[in-house]
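*Asks:* need a structure here:
(chains A and B)
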Amino acid sequence: MQNPDIARLFDEVADLLEIQSANPFRVRAYRTAARTVRDFPEPLSDVAQQGTRGLTELPGIGEDLAGKIRTIVKTGSLPLHRQLVRKVPSGVLDLLRIPGLGPKRVKLLLAKLKIRSAADLRRALAGGRVRTLKGFGPKLVAKIRAGLGQAERVERRLLLHEAEAYATALLKYLRQGGHGDIAGLAVAGSYRRRKETVGDLDVLVTGRDTQRVMRRFLTYPDIAEVVARGATRATVKLTGGVQVDLRAVAPAAYGAALLYFTGSKAHNIELRTLAQDRHLKLNEYGLFSGTRRVAGRTEEAVYARLRLDWIPPELREARGEIALAQAHRLPSLVTLAAVRGDLQMHTLASDGRATLPEMADAARALGYDYIAITDHSRRVTMAHGLDPARLRDQWQEIDAWNAAHRGLTVLKSVEVDILEGGALDLPDELLAEADYVVASLHYGLDRPERVITRQLVTAARHRWVDAIGHPTGRLLGTRPPCRCDFEAVARAAAEAGCLLELNGHPDRMDLPDTLAAAAKTYGVRFALATDSHQPAHLSFMRYAVDLARRAGLEAGDIVNTLPLAQWRAALKRGKRTWNPTRLPRLRALQTTA
DNA sequence: GCCGTTTTCGGCCCGACTGTTTTCAGTCG
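*Replies:* The predicted model follows:
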């Protein structure tokens, strides 16, 4: 049982309890636990084997849920879940995903019309029986009917990169027609927190005449459907299916609204609880003492009045950032401007679409000091991977380029494939001559955990491997992270002085932020890279930085914020000998934000 | 079900919008 499986069981228990009108706080406890489990960077099965102690240290996991996690890990199922499913048919859970249907209405449908699945619901709608229920008017019935049709299409979250395209175009449109009406305009939500995927866009506007901005928004040419419109909020669906909410707020409330709509939800709840402790009330209109607004114009003012440092949106995930802000110990997050080079990219020699000089010129235009050309090795036949002879040819070309140019250094590098058992796809004596070697897995990513773990650990310890590329192998929306003991990999990497890559390619965003945060606690250092396959891809560095910031990383955690000579001397290959030092075991993630 | 300068009980975030009502419940974020 992997963490996502445990999380799913808890989420289903929450749904089932809710339909049965259980204590809402008990329901919330299961949802909180599901989220904690899903975010935890190590397999909980390992923690569970050592008893309940380690489990109860996790936020939202008490004695009872710790016991349930142990039961799930041991037996693969949960008695409470089976018991609930017996009372409520599992098809009913699908009904909760239909817009307009929540636990109360689903419960009513089940009780009055014996509707236990989407198919039942469809028949009941056709027979006009749903309309007869109290509270089910014509509009709601139409909404449910539409929702049923859509439920069959799998709703995919947008990649951050895709969301950015929608957001940029919309903001430009709104600003152009703003006529000075707009004093503040921002996309909040998970987009502002720079999550790797984004559900919908939450746009916030303030200024003199927000009603006019609201009207202009509703004439945006890309709108397919206006879902709702009110005085302060409008919801639309764009032709691509993306939902956009626009909310208009008064300037005096703009900071509070930005804070509120940026979330995360869990972060907001912690903030409001903190406000309550101080006899204050926090909502999207401001921070209030009684009826008097004591802060709200800016986020900074709200945080300050709660005696907190301003928390960067990327950290607002209720993973301990509020405690750090109280103690003035928030990390000074790395910025894009601090990045001096890009440590993974491809050229025409393998599966890239530009020549080496074209990539180098693009990197110079970005002001980089250095780049690593990391074409694939021969194993990746699909990408026309390099054998030793072709790699040497490329390195000659790089020597010539470096001799002819100033300002940018091109590193002789390669993305060497990790083979079965952790062996590498190119001979050691060749890798020893490289300036920088990235080792990556491309095949057999669905193999058992111990096999993958051994491959990555062995590669991380290899004398000539400087970094592990896209360590989990995930492809967002397509392929889950490989099953692997990342604690063992991170420990091996830290001990051996091997870097872990933060790959900013929008389809990858790999390492995931929670794993990167955990790896940092072992003393792992990181390499930021874009995995570019053409010059335009070099701009993906901003997503690598997003990942790093969400993981709470500072410039000092990342080698390519340093001048070349400085970090290369610190690599394994820069030392005649290196002393692996044992590092402390990972505790919970809370303090790493 | 969790949690604790309110500590083993009694709290647990808050408001907008919609549809269906005629004063509000349910859903959503």
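*Asks:* how about the residue in the stretch 101-250 of chain A positioned nearest to DNA strand B: what's its closest non-neighbour residue?
*Replies:* At 1.6 Å from DNA strand B, A:Gly137 is the closest residue in the stretch 101-250 of chain A, using CB to the nearest atom of the strand. (C-beta placed from N, C-alpha, C; glycine too.) Leaving aside its chain neighbours, A:Gly137 sits nearest to A:Arg131 (8.0 Å; criterion: CB to CB, 6 or more residues apart in numbering).
*Asks:* A:Ala565: neighbour count?
*Replies:* 10 (other CB atoms under 10 Å).
*Asks:* and it, what element?
*Replies:* For A:Ala565, the host element (DSSP states H and E) is helix A:564-570.
*Asks:* any idea how far DNA strand B is from A:Ser440?
*Replies:* 37 Å (CB to the nearest atom of the strand, to the nearest Å).
*Asks:* now that residue. Its backbone dihedrals?
*Replies:* phi -140, psi 160 (degrees, to the nearest 10).
*Asks:* can you pull the phi and psi angles for the closest residue to it other than its chain neighbours?
*Replies:* In this structure, A:Ser440 finds its nearest non-sequential neighbour in A:Gly469, 3.5 Å apart by CB to CB, 6+ apart. Main-chain dihedrals, A:Gly469, degrees, to the nearest 10: phi -80, psi 150.
*Asks:* next, the contact list for A:Gly469, please.
*Replies:* Counting by CB atoms under 8 Å, 6 or more residues apart in numbering, A:Gly469 touches A:Gln344, A:Thr374, A:Glu415, A:Val438, A:Ala439, A:Ser440, A:Glu501, A:Asn503, A:Ala529, A:Asp531.
*Asks:* now swap in A:Asp387 and tell me
*Replies:* Here A:Asp387 is in contact with A:Ser377, A:Arg378 (CB under 8 Å, 6+ apart).
*Asks:* against DNA strand B, how distant is the residue lying closest to A:Thr409 once chain neighbours are set aside?
*Replies:* Nearest non-adjacent residue to A:Thr409, counting by CB to CB, 6+ apart: A:Tyr370, 4.3 Å away. Separation of A:Tyr370 from DNA strand B (CB to the nearest atom of the strand): 42 Å.
*Asks:* check which residues of the helix holding A:Ala565 are buried.
*Replies:* A:Leu564, A:Trp567, A:Arg568 (16 or more other CB atoms under 10 Å).
*Asks:* secondary structure class for A:Leu308?
*Replies:* Secondary structure, DSSP: H, G, I helix; E, B strand; the rest coil: A:Leu308 is coil.
*Asks:* quickly find the element holding the closest residue to it other than its chain neighbours.
*Replies:* Excluding the flanking residues, the one nearest A:Leu308 by CB to CB, 6+ apart is A:Ala325, at 4.1 Å. Per DSSP H and E, A:Ala325 falls inside helix A:321-326.
*Asks:* report all helices and strands that whatever helix or strand comes next after that helix contacts.
*Replies:* Downstream of helix A:321-326, the next assigned helix or strand under DSSP H and E is strand A:341-342. Applying 3 or more CB pairs under 8 Å, 6 or more residues apart in numbering; DSSP states H and E, we find strand A:341-342 packed against strand A:370-373.
*Asks:* so what strands line up beside the strand it packs on?
*Replies:* With DSSP bridges as the test, strand A:370-373 is paired with strand A:341-342 (parallel), strand A:409-417 (parallel).
*Asks:* the first one: what's the following helix or strand?
*Replies:* If you walk from strand A:341-342 toward the C-terminus, the next helix or strand you reach (DSSP H and E) is helix A:356-365.
*Asks:* give me the low-pLDDT residue ranges for chain A?
*Replies:* Along chain A, segments meeting pLDDT under 70 span A:1-2, A:4, A:39, A:41-42, A:150-156, A:178-179, A:240, A:382, A:478, A:575-593.
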